[in-house]
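Chemist: next input, structure requested:
(2 chains)
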Amino acid sequence: MSLVELRHVTKSFQRDTQQIEVFDDLTLDFTEGSFTALMGPSGSGKSTLLNLVAGLDRPTGGSVTVAGATVSAMTPTALAGWRARHIGFVFQSYNLLPVLTAFQNVELPLLLTRLAKRERHERVQVALGVVGLEDRAEHYPRQLSGGQEQRVAIARAIVSDPTLILLDEPTGQLDKRSAEDVLGLLQRLNAEFHKTIIMVTHDAHAAEKAGQVLHLDKGVLAP
Amino acid sequence: MKLLPLVLANLRRHSLRTLLTGLGVALAMFLFASLRSVVTTLNAGSAIASASRMVVTHATAIVFPLPMSYRERLAAVPGVEATTWANWFGGQYGDGRVFFAQYAIDPESYLAMFPEISVPADQRDAFLHERTAALVGKGLMEKLGWRLGQDVTIRGTIYPGDWTFTIRAVYTPTERAIDDRSFIFHYDYLDERTGRTVTPGWYVLRLRDPSLAAKVAQTIDDMFRNSSAPTKTGTEKAFNQSFVTMWGNVQFLMNAIGMAVVFAILMVTANAMMMTARERMGEVAVLKTIGFTDRTLFGLVMAEAGIVTFAGAVLGLGGAKLLYAGTGFNAFGVLPGFDVTPATLALGLAITLLLATASGVVPARRAARLSIVQALRHVE
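Modeler: Residues are numbered from 1 along each chain as shown, chains lettered A, B, ... in the order given. Have a look, this model is predicted:
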């Protein structure tokens, strides 16, 4: 069953006087519970695809539907609320807030919910437990290694139990061992918690950990 | 409230910058409160004037005396219920560095005319019955460490010589705006020592009915128009206000300086907020990705601006209030009852609200309207 459906998606950017076509009539599905790696050279549209699915960007034409909701037709306010409930996003450079502890960073998405403080704390503890960082809860990002920061970012992405986890080059800035840890964690999230994951990566080794690998080239899915 | 820790954490990010911005606002509001209090104190002096009292001075200037013979004629004017008079003494005490006002008065009629000058009954009697006695304000007694019964010598400048008085009474004003640092003594003593050459500096009248003021003033000034000492008669309020206008357009000047200071600090605060917001565009994009709405992010930035400016304002306005109340500051006797009024505090807080809004709205709108994709492109 498809969780994510892209139908006849076109996307173009205006850069100065130049019109750049990223996608032209892209149709693509992601199955619920799948773990997909998106590969391709720079400028192939991988991150743009991720942004369209997350509702961070809008297609020029066509539609993007996630779990029955037409993301491409939502208002900005509705999109924000929808993202809070359904999307967990992990960035290449972690993007933790440096002024908050690991615990507070993970708690951020829950601040947008009606959960009571105690319930929020329980969920944060669980999320930090899943990524193996319960003992780093009170550490600030500057006190963590790159791998630990990325695991905190993953905890932040999963704490609200989203429908879909999107990762943009999650191992791009990590050493080999940290990357293995993060990839192992993603496999566990997919296998044990049945999370649907879409991961953009340049790393063939990272892509091997996914259940399926899609190649994009100039906005077109390679066979 | 759930997001308050996030706001506070952001304020701690550059704690020195936050502290300096807050202190800038505090200083601006302290200056604003101080300058505005000069205006309100000057105005309060005229505001407490009795509606039924009038002051008669020489038409040319207050420094020119009026004949004693006017007393009988003023008392006879229809509508005048009581009269008294006083003289400016203008002496120096000690090395002359401590200034306080000295008046020679007609004791009985003067104290009857000004019930706001409260004197204990026994001290009042002692003062009335001794020609060289002095009646001294409580504030002046405390400032100079004087005590009842003490002899005080003042060196005359208008009336040369050393003048020694015995403090027999201490007054406490019932109105804050009345100076509690004045030194008052018997007109008769002045008259006697100067060989009966002194005449009153001004007269004060009490009217039977305040509505007669214009008519009484007209009658008096017409009566002495062609004499050697023509008069200028007006209400006590107008008389007090004439001292305010002697300072020029103080109100405009003080308000202008106060607003200039506030405007300058607005620029500083707005700049600090813009700088802070610009540095965090990437984080704002991350928060939007997590699901923070444009409105929430607008509110977060506005809350930061609000906390810095209101904390500074509370410090500045509260500091001014406590400092002036605690020290009894009166600008060396020029501004008796100097106080930061509740109206000034309220106005200060209203200005702070504008300051917070004006300094926060641009970065807050920028954060709210930020394109996530573009901002992340800079971060990633």
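
Chemist: quick one: name the residues of the stretch 151-300 of chain B near chain A.
Modeler: B:282-283, B:286-296 (CB under 8 Å from any CB of the partner chain). For every residue, glycine as well, the C-beta is placed using N, CA and C.

Chemist: report the buried residues of stretch A:58-67.
Modeler: Buried residues in stretch A:58-67, counted by 16 or more other CB atoms under 10 Å in any protein chain shown: A:58-59, A:62, A:64-67.

Chemist: and that stretch, how far from the chain's centre?
Modeler: Its chain's C-alpha centre and that of stretch A:58-67 lie 17 Å apart, by CA atoms, centre = their mean, to the nearest Å.

Chemist: also stretch B:357-365?
Modeler: That offset, for stretch B:357-365, works out to 34 Å (CA atoms, centre = their mean).

Chemist: OK, contacts around the residue in the stretch 151-300 of chain B that chain A sits nearest to?
Modeler: Ranked by CB to the nearest CB, the top residue of the stretch 151-300 of chain B for proximity to chain A is B:G291, at 2.5 Å. B:G291 makes contacts with A:80-85, A:87, A:109, A:112, as judged by CB atoms under 8 Å, 6 or more residues apart in numbering or on different chains.

Chemist: now with 10 Å, please.
Modeler: By CB atoms under 10 Å, 6 or more residues apart in numbering or on different chains, B:G291 lies in contact with A:55, A:79-87, A:89, A:108-109, A:111-113, A:160, A:162.

Chemist: then A:F103?
Modeler: Going by CB under 10 Å, 6+ apart, A:F103 touches A:121, A:124-125, A:127-128, A:133-134, A:136-139, A:152, A:155.

Chemist: among these, name the buried ones.
Modeler: Members of the contacts of A:F103 classed as buried by 16+ other CB under 10 Å are A:124, A:127-128, A:133, A:136-137, A:139, A:152, A:155.

Chemist: how about the residues you listed, which pair is most distant?
Modeler: Farthest apart among the buried ones among the contacts of A:F103 by CB to CB are A:A127 and A:H139. That separation is 15.0 Å.

Chemist: look up the closest residue to the residue of the stretch 151-300 of chain B closest to chain A, ignoring the ones flanking it.
Modeler: Of all residues not flanking B:G291 in the chain, A:A84 sits nearest, at 2.5 Å (CB to CB, 6 or more residues apart in numbering or on different chains).

Chemist: if we can go back for a sec, quick one: which of the buried residues of stretch A:58-67 is nearest chain B?
Modeler: The closest of the buried residues of stretch A:58-67, once distances to chain B are taken by CB to the nearest CB, is A:R58, at 9.7 Å.

Chemist: wait, the closest one sits on A:T70?
Modeler: No - assessed by CB atoms under 10 Å, A:R58 is found out of contact with A:T70, at 11.3 Å.

Chemist: give me the common contacts of these two.
Modeler: Counting by CB under 10 Å, 6+ apart, the residues touching both A:R58 and A:T70 are A:V64.

Chemist: which of the helices or strands spans the residue nearest to B:G291?
Modeler: helix A:76-86 (DSSP states H and E).

Chemist: list the helices and strands that helix packs on?
Modeler: With contacts defined as 3 or more CB pairs under 10 Å, 6 or more residues apart in numbering or on different chains; DSSP states H and E, helix A:76-86 has these neighbours: helix A:46-54, strand A:69-70, helix B:281-290, helix B:294-327, helix B:372-379.

Chemist: now that helix: average pLDDT?
Modeler: Helix A:76-86 shows a mean pLDDT of 92 in the predicted model.

Chemist: is the next helix or strand after that helix in proximity to chain B?
Modeler: Toward the C-terminal end, the helix or strand that comes next after helix A:76-86 (DSSP H and E) is strand A:87-90. Yes - contact between strand A:87-90 and chain B, assessed by CB under 10 Å from any CB of the partner chain, occurs at A:87-90.

Chemist: on that earlier part again, so of the contacts of A:F103, which ones are in helices?
Modeler: Among those, the members falling in helices (DSSP state H) are A:121, A:124-125, A:127-128, A:152, A:155.

Chemist: ok, back up a step: residues in contact with the helix holding A:A84?
Modeler: A:3, A:54-56, A:58, A:66-67, A:69, A:71-75, A:87, A:89, A:108-113, A:160-164, B:287-297, B:368-369, B:372.

Chemist: how about chain A: which residue is closest to chain B?
Modeler: A:A84 (2.5 Å).

Chemist: is chain B within reach of the longest helix anywhere in chain A?
Modeler: When chain A is parsed with DSSP H, its longest helix is helix A:176-193. No - applying CB under 10 Å from any CB, one finds helix A:176-193 separated from chain B by no less than 16.9 Å.

Chemist: do a quick rundown of the helices in chain B.
Modeler: With DSSP H as the criterion, chain B has helices at B:4-13, B:15-47, B:70-75, B:107-113, B:121-128, B:138-144, B:187-193, B:213-223, B:236-245, B:250-279, B:281-290, B:294-327, B:342-369, B:372-379.

Chemist: mind putting those in TSV, mean pLDDT and mean neighbour count included?
Modeler: Below are these laid out as TSV (pLDDT from 0 to 100; neighbours: other CB atoms under 10 Å in any protein chain shown):
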stretch	mean pLDDT	mean neighbour count
helix B:4-13	90	16
helix B:15-47	87	20
helix B:70-75	94	16
helix B:107-113	94	18
helix B:121-128	95	16
helix B:138-144	91	18
helix B:187-193	93	17
helix B:213-223	93	17
helix B:236-245	73	17
helix B:250-279	83	16
helix B:281-290	91	23
helix B:294-327	93	20
helix B:342-369	92	18
helix B:372-379	75	16
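
Chemist: export these to JSON lines and tack on distance to B:G156?
Modeler: JSON lines is the format used below for the helices of chain B (distance: least, CB to CB, whole Å):
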{"stretch": "helix B:4-13", "distance to B:G156": "61"}
{"stretch": "helix B:15-47", "distance to B:G156": "27"}
{"stretch": "helix B:70-75", "distance to B:G156": "24"}
{"stretch": "helix B:107-113", "distance to B:G156": "20"}
{"stretch": "helix B:121-128", "distance to B:G156": "20"}
{"stretch": "helix B:138-144", "distance to B:G156": "18"}
{"stretch": "helix B:187-193", "distance to B:G156": "9"}
{"stretch": "helix B:213-223", "distance to B:G156": "31"}
{"stretch": "helix B:236-245", "distance to B:G156": "23"}
{"stretch": "helix B:250-279", "distance to B:G156": "31"}
{"stretch": "helix B:281-290", "distance to B:G156": "73"}
{"stretch": "helix B:294-327", "distance to B:G156": "31"}
{"stretch": "helix B:342-369", "distance to B:G156": "39"}
{"stretch": "helix B:372-379", "distance to B:G156": "78"}
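
Chemist: and chain B, which of the buried residues of stretch A:58-67 contact it?
Modeler: Of the buried residues of stretch A:58-67, the ones that also sit near chain B (CB under 10 Å from any CB) are A:R58.

Chemist: quick one: which of the buried residues of stretch A:58-67 is nearest to B:R155?
Modeler: Looking across the buried residues of stretch A:58-67 and measuring by CB to CB, the closest to B:R155 is A:R58, at 88.0 Å.

Chemist: before we move on, what SS does that closest one have?
Modeler: coil (DSSP: H, G, I helix; E, B strand; the rest coil).

Chemist: count the residues that sit near the closest residue to it other than its chain neighbours.
Modeler: Distances taken as CB to CB, 6+ apart put A:S72 closest to A:R58, at 5.8 Å, once the chain neighbours are dropped. Counted by other CB atoms under 10 Å in any protein chain shown, the residues lying close to A:S72 total 21.

Chemist: and A:S72, what does it touch?
Modeler: Counting by CB under 10 Å, 6+ apart, A:S72 makes contact with A:6-7, A:9, A:52, A:55, A:57-66, A:79.

Chemist: residue 56: neighbouring residues, count only.
Modeler: All of this refers to chain A. Using other CB under 10 Å: A:L56 sits among 23 other residues.

Chemist: my bad, chain B
Modeler: When neighbours are counted by other CB under 10 Å, B:V56 registers 26.
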